[in-house]
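J.: Please work out how this folds:
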Amino acid sequence: MGNHSDAPADATTRPRRLLPWVPHWTAALLIAALYVHGASVYGALPDTVPTHWGMDGTPDSWEPKSFGAVFLPLNVAAGMCLFLALVSAAAPAMTPQEKQPSQWEASVREGNIRGTVLALGTCSLGLTGVIGGLTVAGWRTPDSVSAWPVLVLLPLMLVALMVSYAYETRNARRSAAARGIHPTAEEAAEDGLWFAGVLYNDSTDPRILVSKRRGSGMGITVNVGNRAGRAAVVLFLLLFAGVPLVTGLAAAL
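T.: Numbering: from 1, shown residues only. Predicted coordinates for the structure are as follows:
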């Protein structure tokens, strides 16, 4: 049976939608705490403060002490967190709903929404932690700030993003099954073509880039079902995760 319903697609799945916002709220509280800490040490900072550090951790740019110079990194972090929160709030609108979705399709869509919110919240919290850590280090030891924590944490944050999205999309399916909502044979076949709801996996499709899954927002994704698509994913991971991670670990030793 198709499990079709004329009720709003998220009528029975919305109660958990607030939980993925916890990382966003945590990031906001962390930024607030960093501002308070910065205010407490502001008076003890020198009249000229470094505003940028090279890869070796030594400062290469200075400015007279001011709110803008001292709190610039936190201001950037706050702006990024606000932007990611706004994108998260727009996730339902960015994830089009079918006119008459089945209950399974509605559950999948809800999982995609929650996965997007949690992934962006994880990114927000990770960026806040990285920028906040560097900022505090710059206040305490302005003559030397190690860059290796950034190089190590950024790749790990990429993994956290993928895990966050996969967790929520999978949890939505389990929640639907617990309520007796199951996919039709056609919907199950469609599910089988997607890895973690993000990457397309069809060995019969020669395309590398394909449109994102219906109900999961706009844009494109990669087809890992063919060799070229898998190579593209491996190359991306090597460039944006492997190289920074290895460089950061080498710098820490």
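J.: Going by residue numbers, what spans are strands in the stretch 1-150 of the chain?
T.: Remark: strands assigned in the stretch 1-150 of the chain by DSSP state E, counting those that start in this stretch are 48-53, 59-64.
J.: Most tightly packed of these?
T.: Greatest average neighbour count among the strands of the stretch 1-150 of the chain goes to strand 48-53 (a mean of 16), per mean count of other Cβ atoms under 10 Å. C-beta coordinates here come from the backbone N, C-alpha and C atoms, glycine included.
J.: So which elements touch that strand?
T.: Applying 3 or more Cβ pairs under 8 Å, 6 or more residues apart in numbering; DSSP states H and E, one finds that strand 48-53 contacts strand 59-64, helix 67-89, helix 103-140.
J.: run the last query once more with 6 Å
T.: Contacts defined by 3 or more Cβ pairs under 6 Å, 6 or more residues apart in numbering; DSSP states H and E place strand 48-53 against strand 59-64.
J.: What pairs with the strand it packs on, parallel or antiparallel?
T.: Strand 59-64 sits in its sheet next to strand 48-53 (antiparallel), going by DSSP bridges.
J.: which outside residues touch the strand it pairs with?
T.: With Cβ atoms under 6 Å, 6 or more residues apart in numbering as the test, strand 48-53 has contacts from Pro59, Asp60, Ser61, Trp62, Glu63, Pro64, Lys65, Ala69, Pro142, Val145.
J.: Ile113 is nearest to which of the strands of the stretch 1-150 of the chain?
T.: For Ile113, the closest of the strands of the stretch 1-150 of the chain is strand 48-53, at 38.2 Å, according to Cβ to Cβ.
J.: how much does that closest one deviate in direction from helix 67-89?
T.: In terms of direction (axes from the mean of the first three to the mean of the last three Cα atoms, to 10 degrees), strand 48-53 departs from helix 67-89 by 40 degrees.
J.: What average pLDDT does strand 48-53 get?
T.: Strand 48-53 comes out with an average pLDDT of 80.
J.: That strand: how far from the chain's middle?
T.: Chain-centre distance of strand 48-53: 29 Å, with Cα atoms, centre = their mean, to the nearest Å.
J.: What of stretch 162-171?
T.: From the chain centre to the centre of stretch 162-171 is a distance of 11 Å (Cα atoms, centre = their mean).
J.: Next: stretch 102-109.
T.: Its chain's C-alpha centre and that of stretch 102-109 lie 23 Å apart, by Cα atoms, centre = their mean.
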